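Peer 1: what's the 3D shape of this:
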Amino acid sequence: MNKEKNFISAVIYVHNDETHIGRLLQNVIGVLEENFEHSEVICVNDHSTDGSVAAIKEISKAAATTTVTVLNMSFFHGVESAMGAGVDLAIGDFVLEFDSALQDFSREEIMKVYRKSLEGYDIVSAVPGQKQRLSSGLFYHLFSQYSGVSEQLHTERFRILSRRVINRIDSMNKSIPYRKAVYANCGLRATILSYPVEEGAVKGKEDKKEKAYRRNLAMDTLILFTDVGYRFAVSMTILMMSLAIFMAVYCAVVYLSSHPIAGWTTTVLFLSAGFFGLFGILTIIIKYLQILVNLVFKRKQYSFESIEKLT
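Peer 2: Purely as a prediction, here's the structure:
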């Protein structure tokens, strides 16, 4: 069998995945060694407190030609920063990104994604062929509606990136608070492949720290990459300004048609004008902040404790 000449890297995010990482790592190593002359696997250990690293070391003993490395993060970073560290360490012509150690796809899907990338696509994502969770569907709907990105984002299990994508993103000199949004805006060709979910596939784990991180990530992403916050501010401004105008008119009518309590008219007029101006100023400030966020990102730093070459 003629093996692929391209060097391929696989970066796997690991956080308290001792029950899942073994199967995925074994399959990834098997596929890479069967199909590529040169390959590496980087397991990013995001400060796991279980036996994840021990499981990785055990499975890596079976690797013959694939280099297996464990990148130990100094503390819990979350999937975005941790995967950024792993991709920075990867040297492959193509990089496979696995954002989770859970596997609900067959081994063959990995090579399908790779072969699709050879057709001229710099980003190919593997998407499970099942209905998304309600929360995920709502997030992607809001992102698509208010981000200006033409491509619809989906829940992905893994993706492949060409070296050209990685180099282009590095040249932007920006942080990557949410990689999928940056990939969608990089200007290179991208596509998705849907796969049938395997029967009896393992469901998502219940790690509270990781789930809380992903919820916060969703909120941060909507604020950074969409104008949801600005539109909300504008809507509230219009509402409050309308109420302020209504109160001012009501105050004038009461003043002219009856005998209000002394000082009541002046107080209500002052509050109406104050709220009118306050929400106008806040809207302008929010708009300026949105522009600044779009223009300037400080590169997001990460720190790792050690790099272990297992094979």
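
Peer 1: isn't there a strand covering Leu71?
Peer 2: Yes: judged by DSSP: H, G, I helix; E, B strand; the rest coil, Leu71 forms part of a strand.

Peer 1: Grab the nearest non-local neighbour of it.
Peer 2: With CB to CB, 6 or more residues apart in numbering as the criterion, Leu71 has its nearest non-adjacent residue at 4.9 Å, and that residue is Val44. In short, each C-beta sits where N, CA and C put it, glycine included.

Peer 1: Then Ala181?
Peer 2: Phe225 (4.6 Å).

Peer 1: how far is the helix or strand the residue nearest to Leu71 falls within from where the chain is centred?
Peer 2: Assessed by DSSP states H and E, Val44 sits inside strand 39-45. Strand 39-45 has its C-alpha centroid displaced from the chain centroid by 20 Å (CA atoms, centre = their mean, to the nearest Å).

Peer 1: quick one, what contacts the most centrally placed residue in the chain?
Peer 2: What sits nearest the mean C-alpha location of the chain, by CA atoms, centre = their mean, is Tyr178, with 3.6 Å. Residues near Tyr178 by CB atoms under 8 Å, 6 or more residues apart in numbering: 80, 217, 220-221, 224-225.

Peer 1: Distance of it relative to Asn185?
Peer 2: 10 Å (CB to CB, to the nearest Å).

Peer 1: Which positions within the helix or strand hosting Ala55 qualify as buried?
Peer 2: Mapping Ala55 onto the secondary structure by DSSP H and E places it in helix 52-60. The neighbour-count check on helix 52-60 (16 or more other CB atoms under 10 Å) flags 52-53, 55-57, 59-60 as buried.

Peer 1: Stretch 26-42 now?
Peer 2: Result for stretch 26-42 [16+ other CB under 10 Å]: buried residues 26-29, 31-33, 35-36, 38-42.

Peer 1: do the same with stretch 245-258
Peer 2: For stretch 245-258, by 16+ other CB under 10 Å, it's 247-248, 251.

Peer 1: with these in mind, which one is nearest to Arg159?
Peer 2: Here the nearest of those to Arg159, counting by CB to CB, is Met247; it sits at 53.5 Å.

Peer 1: Can you tell me the element the closest one falls in?
Peer 2: Going by DSSP H and E, Met247 is part of helix 228-257.

Peer 1: Output the contacting helices and strands for that helix.
Peer 2: helix 134-147, helix 208-225, helix 264-295 (3 or more CB pairs under 8 Å, 6 or more residues apart in numbering; DSSP states H and E).
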